[in-house]
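Student: This is the structure alone, sequence omitted:
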């Protein structure tokens, strides 16, 4: 008889590891001279709502395309799409963080060094995802989620970031039970190498890790250490509550509890410090 899943504190380990790596990335950018540009299509303020809707549509369309490809069992196309996306992410993030790291030192031919190391990291990352053992793949996904989330958090203004996270949390609750995310989960997340990780009977998507780190990274970069630390605690509490719900439901959205508790804890702390 299959043992029933029981949520334990140890299940938070990979989430915490990803958040800590994301916080390190945020600190690296926070203390660097790298200039960042907003990646949102609309201006902050009136356009913040449009930015949130834009990201939700992107996520929804992407999940729907993946589900349709899975339904048709077109694994070659899926691997090609995922491979292109991950390769682009590895290279772009490597350039950003290596530039931030080396930029504080007088490194000769820094551009060439950053480019060469970025290409090496990209190749190693792809090999780890598509050719490495499951534990190596899981570790790379955790690090990628932290780094990518931090980049988004730093590159998106505060109001837009908070609306994007809130809208995505609501969308996630819908998509798991009535949309493509839940259907993909039933089909098997393990088929999407690089887009999910598993740890002690818990499977989570790269998107969950990315948006957790987007929140904590944004708060560290824009508001400081204490709001970031509070948001991390809120995210971890939310994850544990989500895991407790898994005991009863078998499948539960990974964003609503962590995002809303992380937002509340982080921004309440900004009023104190």
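Tutor: Received, thanks. What you see is a predicted model, and the numbers here were worked out from it, not measured in a lab. Numbering: from 1, shown residues only.

Student: From now on I want contacts and neighbour counts done on CA atoms only, so please keep to that.
Tutor: OK.

Student: pLDDT on stretch 194-210, on average?
Tutor: Mean pLDDT, stretch 194-210: 88.

Student: now the end-to-end length of it.
Tutor: Using CA to CA, to the nearest Å, the end-to-end distance of stretch 194-210 comes to 13 Å.

Student: How about residues contacting it?
Tutor: 5, 11, 14-15, 18-19, 82, 86, 129-130, 137-138, 141-142, 144-150, 189-190, 254-255 (CA atoms under 8 Å, 6 or more residues apart in numbering).

Student: and if you look at stretch 244-261?
Tutor: Contacts of stretch 244-261 (CA under 8 Å, 6+ apart): 4-7, 165-166, 168-170, 172-173, 176, 204, 208, 211-212, 215, 231, 234-239, 241-243.

Student: Inside helices: which ones of those?
Tutor: Cross-referencing the contacts of stretch 244-261 against helices under DSSP state H gives 165-166, 168-170, 172-173, 176, 208, 211-212, 215, 231, 234-239, 241-243.

Student: Any of these buried? List them.
Tutor: In the ones in helices among the contacts of stretch 244-261, burial by neighbour count holds for 165-166, 168-170, 172-173, 176, 208, 211-212, 215, 231, 234-239, 242-243, counting by 16 or more other CA atoms under 10 Å.

Student: where does the chain have its least confident helix or strand?
Tutor: Counting by mean pLDDT, DSSP states H and E, the chain has its least confident helix or strand at helix 180-188, which shows a mean of 72.

Student: buried residues in that helix?
Tutor: 180, 181, 182, 183, 184, 185.

Student: so which of those residues would you say is closest to residue 100?
Tutor: Distance to residue 100, by CA to CA, is smallest for residue 181 among the buried residues of helix 180-188, at 34.9 Å.

Student: Which residues are in contact with that closest one?
Tutor: Taking CA under 8 Å, 6+ apart as the test, what residue 181 contacts is 63, 64, 67, 172, 175.

Student: Mind giving me the PyMOL select for the residues you listed, buried ones only?
Tutor: Burial among these is assessed by 16+ other CA under 10 Å; the matching PyMOL selection reads:
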select buried, resi 63+64+67+172+175
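
Student: helices or strands next to the lengthiest helix in the chain in the packing?
Tutor: If you go by DSSP H, the chain has its longest helix at helix 75-102. With contacts defined as 3 or more CA pairs under 8 Å, 6 or more residues apart in numbering; DSSP states H and E, helix 75-102 has these neighbours: helix 13-30, helix 48-71, helix 110-130, helix 134-155.

Student: hey, least reliable of the ones you listed by pLDDT?
Tutor: helix 48-71 (a mean of 90).

Student: Could you check the angle that one makes with helix 75-102?
Tutor: Here helix 48-71 runs at an angle of 140 degrees relative to helix 75-102 (axes from the mean of the first three to the mean of the last three CA atoms, to 10 degrees).

Student: which residues are contacting helix 48-71?
Tutor: Residues outside helix 48-71 that contact it (CA under 8 Å, 6+ apart) are 40-42, 75, 77-78, 159-161, 163-165, 167-168, 171, 180-181, 183-184, 187.

Student: give me that answer again for 7 Å
Tutor: With contact meaning CA atoms under 7 Å, 6 or more residues apart in numbering, helix 48-71 is reached by 40-42, 78, 159-160, 163-164, 167-168, 180-181, 184.

Student: What residues of it count as buried?
Tutor: Quick answer for helix 48-71 (16+ other CA under 10 Å): 48-56, 59-60, 63-64, 66-67, 70.
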